[in-house]
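> Kindly generate the corresponding structure for this input.
(one chain, ligands or ions: 1)
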Amino acid sequence: MSFKALLTVELPRIVEHSPWARIARWNLKQPNVAMVLGKTIHLSGVTREQFLREPSWVAHEMCHIRQVQERGLLRFLWEYLVESARVGYYANRFEVEAREAGARDAAHYAALLAVPLPDGPGRGGSEQASAGHNRPDVVV
Ligand SMILES: [Zn+2]
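Model prediction:
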């Protein structure tokens, strides 16, 4: 299988300059946001190319896509919002799981995307370890 075919199989659709992600970005006051809407990753403040250069971020969003697929969108949305209201963003179990996936699967996506695995904790790392790498994201 060619590299391009692998990408097609593994990566979902990615929308740049997404108005939905821009709204989330304004709400969160973040310079860049990746947001999962069903099976699509929506970006604002970051290009597809920049996003795909951060394997732990890709792994994090891919975990959210799995979470949506496992539960169905409505159930996932409901559980995510309840969890957010209860414990906030960081302790939200869906975010905890996605951060773990970000750390665990980063090497896989780095190999898949043919990009270097960055030093440091990335999105799977410890809290506040690197403000630039612990970008909040929104899952819808
Ligand atoms: Zn997340």
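> only C-alpha atoms for contact and neighbour calcs from this point on.
Will do.
> ok, now which ones touch residue 73?
The neighbours of residue 73, taking CA atoms under 8 Å, 6 or more residues apart in numbering as the test, are residue 38.
> same thing with the one 5 residues further on?
Contacts were defined as CA under 8 Å, 6+ apart; by that measure residue 78 touches no other residue.
> Now do the buried residues in the helix or strand hosting it.
When elements are defined using DSSP states H and E, residue 78 is found to belong to helix 73-87. Neighbour-count burial for helix 73-87 flags 73, 76, 77, 79, 80, 81, 83, 84 (criterion: 16 or more other CA atoms under 10 Å).
> next one: stretch 29-36
The neighbour-count criterion (16+ other CA under 10 Å) identifies 32, 33, 34, 35, 36 as the buried residues of stretch 29-36.
> likewise stretch 88-95?
Counting neighbours by 16+ other CA under 10 Å, one finds that the buried residues in stretch 88-95 are 89, 92, 93, 94, 95.
> now what about that stretch, what contacts it?
Residues from elsewhere that reach stretch 88-95 (CA under 8 Å, 6+ apart): 64, 67, 80, 83, 84, 96.
> CA atoms of that stretch as PDB?
Written as PDB, here are the backbone C-alpha positions of stretch 88-95 (Å, rounded to 0.1, in the frame of the first residue of the first chain):
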ATOM      1  CA  GLY A  88     -14.600  21.000  33.500                       C
ATOM      2  CA  TYR A  89     -12.400  20.600  30.500                       C
ATOM      3  CA  TYR A  90      -9.200  19.100  31.800                       C
ATOM      4  CA  ALA A  91     -10.600  16.400  34.100                       C
ATOM      5  CA  ASN A  92     -13.300  15.500  31.500                       C
ATOM      6  CA  ARG A  93     -12.800  11.700  31.100                       C
ATOM      7  CA  PHE A  94     -13.000  12.100  27.300                       C
ATOM      8  CA  GLU A  95     -10.200  14.600  27.400                       C
END
